[in-house]
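Peer 1: What shape does this take:
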Amino acid sequence: MRTTQRLLRSGLTVAATAALPLTLAAPAAVAWGSGISVSTSGTSVSVTTSACPSNGSSFGNASLLSSGQTNFAQGRQMSLTGTSGNQSAAWTGVSPGTFTVIVVCQDGTTAGTQAIVVAASVAPATPTISTTVSPSPSLGVMGGLGGAVKDYGTATVVGGGVLVVTGLGATVWFLRRRSKPHRL
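Peer 2: Prediction:
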């Protein structure tokens, strides 16, 4: 009986260990994110993608939508420029606020959509010694999803779940084994 329990427990550990490389290798086949990369620097916003093929004269268009705008045509549109491997567009003089960037390829497909926050530029303050309390920042805490913004796909979520369940199982097994009296 005791040998059977050990074999069963070690078999579960071996099965979880064998499944680990499969879950780590699977996300390589999954499409990452939305297909576009958006960045901001001061009052400039730029978008980069490699998802739009050329028809010989253009790759497509990108649109910068402010919070009140709902469709591609309402935003500030820019033509994508670049090569067949990398296309980009940029907007300058963008006011502070929350925006959505949409990229539509010349064949009508949407390469991706991503939200971005353009922060108000603040001049560096001169340090002073004062007994007064300075006012709170106007934007407050920039809460969000942190590193979870990128969609890693089902395979990565399943792989993480397998790792969590394996860790919990190993902890339970270890604690139960410690609580049993040792016989010689």
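
Peer 1: show me where this protein has helices.
Peer 2: Taking DSSP state H to define them, one finds helices in the chain at 2-25, 153-179.

Peer 1: Name the residues of stretch 44-60 that are buried.
Peer 2: Using 16 or more other Cβ atoms under 10 Å as the burial criterion, the residues of stretch 44-60 that qualify are 45-52, 59-60. Where C-beta positions appear, they are placed from N, C-alpha and C, glycine not excepted.

Peer 1: Hmm, I typed the wrong one, I wanted stretch 66-86.
Peer 2: Across stretch 66-86, burial judged by 16+ other Cβ under 10 Å covers 72, 75-78, 80.

Peer 1: now the residues you listed as TSV including pLDDT and distance to residue 160?
Peer 2: As requested, those are exported to TSV (pLDDT from 0 to 100; distance: Cβ to Cβ, whole Å):
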residue	pLDDT	distance to residue 160
72	86	35
75	90	36
76	90	39
77	92	39
78	91	38
80	89	35
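
Peer 1: With residue 50 as the reference, measure out to residue 85.
Peer 2: Computed as Cβ to Cβ, to the nearest Å, the residue 85 to residue 50 distance reads 6 Å.

Peer 1: How about residue 57?
Peer 2: On the measure of Cβ to Cβ, residue 57 and residue 50 end up 19 Å apart.

Peer 1: again, but for residue 66
Peer 2: Using Cβ to Cβ, residue 66 is found at 26 Å from residue 50.

Peer 1: Then residue 111?
Peer 2: 9 Å.

Peer 1: So which residues of this protein form strands?
Peer 2: With DSSP state E, the ranges of strands along the chain come out as 36-41, 44-49, 60-66, 76-79, 81-82, 87-91, 97-105, 110-118.

Peer 1: could these go into CSV alongside distance to residue 178?
Peer 2: Output for those, formatted as CSV (distance: least, Cβ to Cβ, whole Å):
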stretch, distance to residue 178
strand 36-41, 49
strand 44-49, 54
strand 60-66, 59
strand 76-79, 64
strand 81-82, 61
strand 87-91, 58
strand 97-105, 53
strand 110-118, 49
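
Peer 1: rank the helices of the chain by pLDDT, which is bottom?
Peer 2: Confidence, taken as mean pLDDT, is least for helix 2-25 of the helices of the chain (a mean of 52).

Peer 1: Quick one: residues contacting residue 110.
Peer 2: If you count contacts by Cβ atoms under 8 Å, 6 or more residues apart in numbering, residue 110 has them with 102-104.

Peer 1: In ChimeraX, how would I select just the buried ones from those residues?
Peer 2: To isolate the buried members of those in ChimeraX, using 16+ other Cβ under 10 Å:
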select :102,103,104
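
Peer 1: Out of the contacts of residue 110, which is nearest to residue 35?
Peer 2: The shortest approach to residue 35 among those belongs to residue 103, at 7.5 Å (Cβ to Cβ).

Peer 1: quick one: that closest one and residue 79 touch, right?
Peer 2: No - using Cβ atoms under 8 Å as the test, residue 103 is too far from residue 79 to be in contact (11.1 Å).
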